[in-house]
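Asks: The following comprises the amino acid sequence and a computationally predicted model.
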Amino acid sequence: MTTAIGIDIGGTGIKGAIVNVDTGDLLSDRVKKPTPKGGTPEDIVDVVVSLIPQLGDAPADTPVGVCFPAVVQHGTTMSAANVSKKWVGLQAEQLFEKALGRDIVFVNDADAAGYSESQFGAAKDERGLVILTTLGTGIGSAIIYNGVLVPNAELGHLALDGHEDYEKVASYAAMEREGLSWKDWGERLQKYYAHLEMLFSPDLFVVGGGVSKHWDEFFKYLDLRAPIIPAKFRNNAGILGAAALAAHAAGTRTREGARDLVDKATA
Ligand code: BGC
């Protein structure tokens, strides 16, 4: 059995677990802590450092994967939509490695979710083009073609229907903020997915994020050519994907190998 630790940093919570990366099963309880107010790098790193020992006994050389809500290129965070602007241009992977005293793999959160859903979840063995979106604090997206992830798609920030940044009106957080009914929110989602369909013609949409547990409430408002289904791992998809990518990278034995894997996101 190959195990790895997955950490998912979000706009509201930081979650982690030990994962069996052969099957995608969680081997520990999922530990969750609130994201510190302001979301600065120092504060978030501190939370991650304190969270790992709480996951239970894992050998010190267990690979660690961390996913984060920003564009991540070569270990550097290049954007910061729902966290402190201090992340922009920061060598985040290095920062975590220093604090944790070990190599890690650092990737975008939606890419991690897309990776796990295509490896073990709702899009397993799916040929053609899959678009996974996560509906949470923001809207995350992952593009997977024939099982290969194309990293750092930022489809949550499309300008649409008079809005400059559509995640601000169509994320789950936006629904809660505005007190929208499922129907009103569903109608916004329909506009969003129809637009993605016009741009990409995917063969399958997968919808992740915590809200996928309320699937039956909003699915009925979506009418698309492609099938649209909930993610198998819902809110755990990021943890699983980060862990699986870290284990995969550790298997390549070299740091360059690990980078290469994440940069190309080879399935
Ligand atoms: C960020 C993405 C992230 C998504 C979900 C967006 O605001 O730009 O990088 O994947 O939120 O967390």
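Replies: Received the coordinates, thanks. Numbering: from 1, shown residues only.

Asks: CA atoms for contacts and neighbours, from now on please.
Replies: Will do.

Asks: Direction included, what does the host helix or strand of Phe205 pair up with?
Replies: Secondary structure assignment for Phe205, by DSSP states H and E: strand 204-208. Here the strand partners of strand 204-208, with direction, are listed using DSSP bridges: strand 129-135 (parallel), strand 228-230 (parallel).

Asks: Pick the most deeply packed of those.
Replies: Here the criterion is mean neighbour count by mean count of other C-alpha atoms under 10 Å, and of these the winner is strand 129-135, at a mean of 27.

Asks: mind exporting that strand as PDB, just the C-alpha atoms?
Replies: Output of strand 129-135 as PDB, limited to C-alpha atoms (Å, rounded to 0.1, in the frame of the first residue of the first chain):
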ATOM      1  CA  LEU A 129     -12.400  16.000 -22.500                       C
ATOM      2  CA  VAL A 130     -13.500  16.400 -18.900                       C
ATOM      3  CA  ILE A 131     -14.000  19.700 -17.100                       C
ATOM      4  CA  LEU A 132     -14.100  19.500 -13.300                       C
ATOM      5  CA  THR A 133     -15.300  22.600 -11.400                       C
ATOM      6  CA  THR A 134     -15.300  23.100  -7.700                       C
ATOM      7  CA  LEU A 135     -18.000  25.300  -6.200                       C
END
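
Asks: Going by neighbour count, which residues in stretch 228-241 are buried?
Replies: Applying a neighbour-count criterion of 16 or more other C-alpha atoms under 10 Å, the buried positions in stretch 228-241 are 228-241.

Asks: With respect to the ligand, which of those residues is nearest?
Replies: Here the nearest of these to the ligand, counting by C-alpha to the nearest ligand atom, is Gly238; it sits at 9.8 Å.

Asks: how about that closest one, secondary structure?
Replies: Three-state assignment for Gly238 (DSSP: H, G, I helix; E, B strand; the rest coil): helix.

Asks: Surely it touches Glu117?
Replies: No: using C-alpha atoms under 8 Å, Gly238 is not in contact with Glu117; the gap is 9.3 Å.

Asks: domain parsing for this structure?
Replies: Under the assignment named as automatic domain parsing, the residue ranges that make up the domains of the chain are 3-111+235-266, 122-230.

Asks: Any idea which of those domains has the lowest pLDDT on average?
Replies: For those, the stretch scoring lowest in mean pLDDT is domain 3-111+235-266; its value is a mean of 90.

Asks: Let me have the strands paired with strand 204-208 in JSON lines, extended by distance to Glu176.
Replies: Written out in JSON lines, the entries for the strands paired with strand 204-208 read as follows (distance: least, C-alpha to C-alpha, whole Å):
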{"stretch": "strand 129-135", "distance to Glu176": "12"}
{"stretch": "strand 228-230", "distance to Glu176": "20"}
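
Asks: can you redo the ones you listed as a markdown table with distance to the ligand?
Replies: Conversion of these to a markdown table gives the following (distance: least, C-alpha to the nearest ligand atom, whole Å):
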| stretch | distance to the ligand |
| --- | --- |
| strand 129-135 | 6 |
| strand 228-230 | 16 |
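
Asks: quick revisit: mean neighbour count, the domains of the chain: which tops it?
Replies: domain 3-111+235-266 (a mean of 20).

Asks: how far does that one sit from the chain's center?
Replies: Remark: domain 3-111+235-266 is offset 10 Å from the chain centroid, using C-alpha atoms, centre = their mean, to the nearest Å.

Asks: quick one: it near the ligand?
Replies: Yes: part of domain 3-111+235-266 sits near the ligand under the criterion C-alpha under 6 Å from any ligand atom, namely Pro69, Ala70, Val71, Ala81, Asn82, Asn108, Asp109, Ala110.

Asks: Check stretch 138-146 too.
Replies: Yes: contact between stretch 138-146 and the ligand is present through Gly138, Ile139, Gly140 (criterion: C-alpha under 6 Å from any ligand atom).

Asks: And the contacts of the strand holding Phe205?
Replies: Residues from elsewhere that reach strand 204-208 (C-alpha atoms under 8 Å, 6 or more residues apart in numbering): 113, 122-123, 129-135, 226-235, 237.

Asks: can you rerun that using 7 Å?
Replies: Here strand 204-208 makes contact (C-alpha atoms under 7 Å, 6 or more residues apart in numbering) with 129-135, 226-231, 234-235.
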